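*Asks:* I need the structure of the sequence given here:
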Amino acid sequence: MILVRTWLTSYTRKRLSGLAHIVHIMSTEKKRVQFRAPDRLIDRADALAAVLGEDRTDVLVTALREYLQDAAHDDTLTQEIAAAYYDDEISFEQLKALVSAEEAANIRVLKQQLDEDFIDEVADA
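*Replies:* From the prediction side, this is the model:
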């Protein structure tokens, strides 16, 4: 029990430190959402919230932030995100929200180059 408590305390400190930075750069505006999730998943979130002394919303928001942050560093997913931007399925603002600002800028430049190359090919045909 002491080992678990020590680990959770250490884990909580590291997570809070990381989240402090994330929260600082994220908007303070909040949007109410409603979704359905398996009972077991919500029960686990509630149990973790009780251990950490937080409410369910805090646990779910933290999990969602971490998932999106991890997704931004997944090369396969980044390629899918870029493809969605190239196909005009998402806006540049949405792109920036999903990947780093530098990565978004690179993807935008590549899209512009691809568009210019396509125009040149059509003009030459």
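*Asks:* in this structure, which spans are helices?
*Replies:* 2-25, 39-52, 56-71, 75-86, 92-98, 101-124 (DSSP state H).
*Asks:* The ones you listed: which one's closest to R32?
*Replies:* helix 56-71 (10.4 Å; C-beta to C-beta). Where you see a C-beta, it was placed from the backbone N, CA and C, and this is true even at glycine.
*Asks:* Out of the helices of the chain, which is closest to K31?
*Replies:* Going by C-beta to C-beta, the one of the helices of the chain nearest K31 is helix 56-71, 11.2 Å.
*Asks:* could you give the mean pLDDT of the closest one?
*Replies:* Across helix 56-71, pLDDT averages out at 91.
*Asks:* Show me what counts as buried in it.
*Replies:* V59, L60, V61, T62 (16 or more other C-beta atoms under 10 Å).
*Asks:* Enumerate every residue touching the nearest residue to I42 once chain neighbours are set aside.
*Replies:* Spatial nearest neighbour of I42, excluding adjacent residues (C-beta to C-beta, 6 or more residues apart in numbering): R56 at 7.4 Å. Contacts for R56 were tallied using C-beta atoms under 8 Å, 6 or more residues apart in numbering; they are I42, A45, D46, A49.
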